[in-house]
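> Starting from these lines, generate the structure:
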Amino acid sequence: MKTLLRPWPEGFAARPTLTLCVNVRKEEFMPSCGRRGSLEIRERLEAALRERRIDVDFQTITCLGLCDKGPNARLAPSNSWFHAIGVGDVPSLVDVVESELAKIKGGMPNGTHADPA
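Numbers count the residues shown, from 1 in each chain. The predicted structure is shown next:
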């Protein structure tokens, strides 16, 4: 997996979105994330995010426009990218997302805030 992390917008405090491409192109000669494993990645990624209670809106899309680098995912609004994701990369991807969310959500790993008491 190749990762391109970008800074979060100044003052951002909403719920981020992780988008995974699941496109399966009809033309077999064209690369597509779905044919490269993103459908299985989707299942494992959804389960891992849920299991670890990562506070991110997870969604799929039919194309992120980078088919030859796929499977691809984007974390918004920082516009961070994950390319050439394999099924075995899911734990690392979730670790990176969790770490990135900690930067904007008070420093706790899953995006929750520490109890001020």
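> So which residues of this structure form strands?
With DSSP state E, the ranges of strands along the chain come out as 2-4, 17-21, 57-61, 73-76, 80-83.
> Strand partners (parallel or antiparallel) of the shortest one?
When you say that, I think you mean strand 2-4. strand 80-83 (antiparallel) (DSSP bridges).
> Show residues contacting the strand it pairs with.
Residues from elsewhere that reach strand 80-83 (C-beta atoms under 8 Å, 6 or more residues apart in numbering): 1-6, 66, 69-70, 72-75, 89, 93, 96, 100. Where C-beta positions appear, they are placed from N, C-alpha and C, glycine not excepted.
> Please apply the same query to stretch 63-70.
In this structure, residues lying in contact with stretch 63-70 by C-beta under 8 Å, 6+ apart are 2, 19, 21, 23, 25, 30-33, 36, 38, 72-74, 81, 83-85.
> Who are the contact partners of the residue lying closest to V96 once chain neighbours are set aside?
Leaving aside its chain neighbours, V96 sits nearest to T3 (6.1 Å; criterion: C-beta to C-beta, 6 or more residues apart in numbering). With contact taken as C-beta under 8 Å, 6+ apart, T3 is in contact with S80, W81, F82, H83, V96.
> Alright, I will stop here.
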